[in-house]
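> Below is the sequence, then the predicted model.
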Amino acid sequence: ANERYLQIQGTAMGTKLAPAYANTFMGNVEVKWQSLAPPGRILTWYRFIDDIFVIWNGSTEELDQFVNDCNKTHDTIKVTCVQSKDEVTFLDVTVYKGCRFRLQGLLDYKTHIKETNSRAYVHASSYHPSGTHKGIIVGEIHRYYRTNSGNKEFWKQMMDHAKALSTRGYTWSKINKFFVETLAKLREEQKLEPIRDKYVYRNPEKEAHENNDRNVGATPVLALTFNDDLQEMNKRVRELWRNDVRPDIILNTLFPQVPLIAIKRNKNLRETISKVKVDVEPRPFTGTHYNLRHQIALPKNYLLQLGE
């Protein structure tokens, strides 16, 4: 119980530094890997931390040789390769050759759901803020919208999502309400500005509001930790604003909007027992990572996924 261990390689999992450190390290490694490929073989190379998506324009033998060469560049970093001529999985997306590939040479993608995913969402009767329950429904809808290029796959995921929510105590009326509201909002955001990349959503009205001076006529926010009295407190705050603040000329000028009560999380165990603070000079981040674009045009090549 009194033994101490010293980590001599890598960084501890769960620390804030770990992702940036790993991203920077892999950024240097991938430069060496790319230089090992024969000219013209790598058509596409996208990386997120240590997961890499590659479109390989060459034979299977050349691909195997490339992977073997990559595994010789570092003692501990080794490449596992999953290759296919039809489809591969990258992060939570399956990239495949669908109808568009035969007609336009474009790849399609759909949400990848692991077999072990039981969709054990927070139960509707659980004692959580209402925003948490709504976020579970809306957040998954946004995810399926981003990670499905076709309507068929999108609606399949939506129906599976709705069925899973119903088994967790959510009523069909509530599910349908959030489905309709979220999809209407997504369509409206598309009308506000043409989306060149399906991964990017922009709302000019929201951006303009965020850029305004928040100190003049801004809505006051009371940030409180979640407790049993929040609902009653919110009711009392609204009554005080309506009865005392709104009729007063001066107070109404300072607080034209009813105050909002925001919920902030409590300190977790790590923050309670650990108060380590290191003052270091910030350094520019030089790591690289890539995002999978909405559409990828290519000839009939191999698809390849590389990962640590």
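Great, that's in hand.
> going forward, measure contacts between C-alpha atoms and count neighbours the same way
OK.
> sec struct for residue 238, please.
helix (DSSP: H, G, I helix; E, B strand; the rest coil).
> Next: residue 160.
Under three-state DSSP, residue 160 falls in the helix class.
> Distance-wise, check it relative to residue 118.
11 Å (CA to CA, to the nearest Å).
> do the same with residue 130
23 Å.
> Strands of the chain, residue ranges please.
Secondary structure of the chain by DSSP state E: the strands cover 42-48, 51-56, 80-84, 87-90, 93-96, 108-111, 221-225, 260-264, 302-307.
> how about the longest one: buried residues?
The one in question is strand 42-48. Buried positions in strand 42-48, judged by neighbour count with 16 or more other CA atoms under 10 Å: 45, 46, 47, 48.
> Report whether the expected contact of the first one with residue 56 is present.
No: applying CA atoms under 8 Å as the test, residue 45 and residue 56 come out as separate, 9.0 Å apart.
> residue boundaries of the helices in the stretch 101-250 of the chain?
Listed in chain order, the helices of the stretch 101-250 of the chain (DSSP state H, counting those that start in this stretch) span 130-146, 151-167, 172-192, 204-211, 230-240, 249-254.
> and the third one, average pLDDT?
What helix 172-192 shows for mean pLDDT is 83.
> what's the offset of it from the middle of its chain?
How far helix 172-192 lies from its chain's middle: 19 Å, per CA atoms, centre = their mean, to the nearest Å.
> What residues sit buried inside that helix?
175, 178, 179, 182, 189.
> Would you check how far apart the first one and residue 242 are?
When CA to CA is applied, the distance between residue 175 and residue 242 equals 33 Å.
> now the last one
With distances taken as CA to CA, residue 189 is found 34 Å from residue 242.
> Hmm, residue 224 and residue 263 touching each other?
Yes: using CA under 8 Å, residue 263 makes contact with residue 224 at a distance of 5.2 Å.
> residues touching residue 98, list them.
By CA atoms under 8 Å, 6 or more residues apart in numbering, the contact set of residue 98 is 107, 108.
> Give me the phi and psi angles of it.
phi -110, psi -150 (degrees, to the nearest 10).
> how about residue 147, what does it touch?
Counting by CA under 8 Å, 6+ apart, residue 147 touches 93, 109, 110, 111.
> Next, give phi and psi for it.
phi -110, psi 20.
> now swap in residue 71 and tell me
Here is the backbone geometry of residue 71 (degrees, to the nearest 10): phi -70, psi -10.
> Would you confirm that it contacts residue 81?
No: contact criterion CA under 8 Å: residue 71 and residue 81 do not qualify, at 10.9 Å.
> what stretches of the stretch 101-250 of the chain score poorly on pLDDT?
Along the stretch 101-250 of the chain, segments meeting pLDDT under 70 span 190-218.
> mind putting the helices of the stretch 101-250 of the chain in JSON lines, distance to residue 38 included?
Shown next, in JSON lines, are those (distance: least, CA to CA, whole Å):
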{"stretch": "helix 130-146", "distance to residue 38": "34"}
{"stretch": "helix 151-167", "distance to residue 38": "37"}
{"stretch": "helix 172-192", "distance to residue 38": "42"}
{"stretch": "helix 204-211", "distance to residue 38": "46"}
{"stretch": "helix 230-240", "distance to residue 38": "64"}
{"stretch": "helix 249-254", "distance to residue 38": "67"}
